[in-house]
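Colleague: model the structure of this input:
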Amino acid sequence: MKNNNILKYSIILVIIVFLIILFILLRLNKDTTETGNHINEEEPYKEEEMGELEIDESIDEVNELNSFCMAEEVINQHLNSGNKFYASKIYFQETDVVVSYRLYVFGEIFDTVNKTSQNAFYAIDFDTTTGTYKYSQQKLDIDQTEFEQIATAGEQRYVTTEEITGEFFQDDIADNETVKRYFEYYKMLILTNPEKAYSLIDEKYKELRFENNYDNFSNYIQQNISEFESMEFSKFTVNYLNSSKQYVAYSNYEDYYIFTVNDRIMNFTVLLDEYIVDLPQFVTKYEESDSRVKTGLNISKFINGLNDKNYYYVSTLIADSFKTANNLTNITDLENYLKTNFYDQNEVEYSIFTEQGSYCIYDVTLKNKNGTETKSVKFVMELGDGTDFKMSFSF
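Modeller: I've put the predicted structure just below:
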């Protein structure tokens, strides 16, 4: 009986110990789960605290034409009558998250009455919530180096005391407005700063049209000054090239102004016609053509040069053997010879084309565009590599 009681109490004790151990294990598991949940709940909270928006204090160059046009419109509203501002470089700085920003604007003010120009700098604050702007700095007669120092550092050096404010609107600029802007800007340079206008001309064109001589360009401007003063934007075309874009503007005098824009809006070169320097579309057409068409295209270059009085360029097209045979090795003698034998303004009517060995021969009728006279001319041409050629002629 006594042994049975000992066994009975031993079993009860084992059960009690087992229950105690089970309770402890369950309690530990609950604490671990609660602790893990607490850690998981804290992480999103920390991320939310760290995700607050901050102002971007960096200053970046702007390369969007609509921003240039917007800044120009804002500035031109406050200039005297007869003055026109064009931006050449702009920097952007965020001054408040999403809400406001500052543009550091550098460019030129053209005085169309006195035919002068000067550099100008403006810092303008824009508030996008109200659609308003305010000048924060302005300075005239500042060079670009000083502007760069101020803009890239975000300096407040020329703080304006004037309360210049207004409303602004930024819109996309259509191609015709883009081409017109380049055309009118270059016209302003011709009239007020011809040296800069000359510096923007394509280098190869400078050589063939002006013999790399600024005085020749200056004389060209003075000889045609009345036309430049009254010329207006007429029509345009846009050519998309591999690494650049080409804007072709036509004036009311049917002159060409070809702007090739590279990596930046105001990084461009200018051609003043479409025939002296071969445009990509001309090269494509030329390469796809037969000898007859190539010869006709080259004669057209020669005639255009004559009509524009580009005698240096024309001389580069004529074979040396022809110049020597006719004692025309001097550019002045050649110019006089061409003036004597061709009309002031020439027009060609193509007739018979033949080939003799490596020579292409085209019989044409030369017409006087300012009169009724005509004469027969035989052009003899040797086609070279690419678009190169040399030619002679007889009457």
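Colleague: what residues are up against the nearest residue to residue 370 once chain neighbours are set aside?
Modeller: Residue nearest to residue 370 in three dimensions, not counting chain neighbours: residue 345, with 5.3 Å by CB to CB, 6 or more residues apart in numbering. (Each C-beta comes from the backbone N, C-alpha and C, glycine too.) Residue 345 makes contact with 307, 368-370, according to CB atoms under 8 Å, 6 or more residues apart in numbering.
Colleague: one more pass at 10 Å, please.
Modeller: Counting by CB atoms under 10 Å, 6 or more residues apart in numbering, residue 345 touches 303, 306-308, 367-371.
Colleague: swap in residue 375?
Modeller: 341-343, 346, 364-368, 395.
Colleague: which element is it on?
Modeller: Assigned by DSSP states H and E, residue 375 falls within strand 374-383.
Colleague: repeat for residue 184
Modeller: Using DSSP H and E, residue 184 falls in helix 175-192.
Colleague: so for that helix, mean pLDDT?
Modeller: If you average the pLDDT over helix 175-192, you get 96.
Colleague: after it, next one along is what?
Modeller: helix 194-199.
Colleague: just the buried residues of that following helix, please?
Modeller: 194, 197-198 (16 or more other CB atoms under 10 Å).
Colleague: which residues touch that helix?
Modeller: With contacts defined as CB under 10 Å, 6+ apart, helix 194-199 is touched by 108, 117, 185-191, 193, 206, 210, 213-218, 220-222, 228, 269-270, 272.
Colleague: filter the contacts of residue 345 to the buried ones?
Modeller: Buried, going by 16+ other CB under 10 Å: 303, 306, 308, 367, out of those.
Colleague: contact partners for residue 348?
Modeller: By CB under 10 Å, 6+ apart, the neighbours of residue 348 are 296, 299-300, 302-303, 362, 364-367, 377, 379.
Colleague: what is the three-state secondary structure of residue 104?
Modeller: strand (DSSP: H, G, I helix; E, B strand; the rest coil).
Colleague: got the contact list for it?
Modeller: Here residue 104 is in contact with 59, 61-62, 71, 89-93, 121-124, 136-137, 147-148, 150-155 (criterion: CB under 10 Å, 6+ apart).
Colleague: residue 371 now?
Modeller: 343-345.
Colleague: can I get the residues you listed in a markdown table with secondary structure and distance to residue 76?
Modeller: Formatted as a markdown table, those follow (DSSP: H, G, I helix; E, B strand; the rest coil; distance: CB to CB, whole Å):
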| residue | secondary structure | distance to residue 76 |
| --- | --- | --- |
| 343 | coil | 46 |
| 344 | coil | 42 |
| 345 | coil | 40 |
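Colleague: out of the contacts of residue 375, name the ones that lie in strands.
Modeller: Here DSSP state E is the test, and those give 346, 364-368 as lying in strands.
Colleague: what's the closest of those to residue 389?
Modeller: residue 364 (15.8 Å; CB to CB).
Colleague: just list whatever residues bridge to that closest one.
Modeller: Beta bridges link residue 364 to residue 350, residue 377 when assigned by DSSP bridges.
Colleague: relative to residue 347, how far out is it?
Modeller: 10 Å (CB to CB, to the nearest Å).
Colleague: of the two, who's got more company?
Modeller: residue 364 (21 against 15; other CB atoms under 10 Å).
Colleague: hang on, that one packs against residue 381?
Modeller: No: assessed by CB atoms under 10 Å, residue 364 is found out of contact with residue 381, at 11.8 Å.
Colleague: so what sits against both of these two?
Modeller: Common neighbours of residue 364 and residue 381 (CB under 10 Å, 6+ apart) are 296, 299, 393.
Colleague: turn these into CSV, columns for neighbour count, distance to residue 250 and pLDDT.
Modeller: Written out in CSV, the entries for the shared contacts of residue 364 and residue 381 read as follows (neighbours: other CB atoms under 10 Å; distance: CB to CB, whole Å; pLDDT from 0 to 100):
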residue, neighbour count, distance to residue 250, pLDDT
296, 18, 23, 97
299, 22, 23, 98
393, 19, 30, 96
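Colleague: so which of these is the closest to residue 143?
Modeller: Residue 143 lies nearest to residue 299 out of the shared contacts of residue 364 and residue 381, by CB to CB, at 48.3 Å.
Colleague: could you say which helix or strand contains the closest one?
Modeller: Per DSSP H and E: helix 291-307 holds residue 299.
Colleague: show me what counts as buried in that helix.
Modeller: 294-299, 301-306.
Colleague: run the chain-centre distance for the helix or strand following it.
Modeller: Next in sequence after helix 291-307, counting helices and strands by DSSP H and E, comes helix 311-317. Its chain's C-alpha centre and that of helix 311-317 lie 31 Å apart, by CA atoms, centre = their mean, to the nearest Å.
Colleague: which elements pack onto helix 311-317?
Modeller: helix 203-210, helix 291-307, helix 331-341, strand 389-394 (3 or more CB pairs under 10 Å, 6 or more residues apart in numbering; DSSP states H and E).
Colleague: among the ones you listed, which comes closest to residue 112?
Modeller: helix 203-210 (25.2 Å).
Colleague: check which helices and strands the following helix or strand past that closest one sits against.
Modeller: Sequence order places helix 214-223 as the next helix or strand after helix 203-210, per DSSP H and E. The contact analysis (3+ CB pairs under 10 Å, 6+ apart) places helix 214-223 against helix 175-192, helix 194-199, helix 203-210, helix 225-230.
Colleague: go again with 6 Å.
Modeller: Helices and strands touching helix 214-223, by 3 or more CB pairs under 6 Å, 6 or more residues apart in numbering; DSSP states H and E, are helix 194-199.
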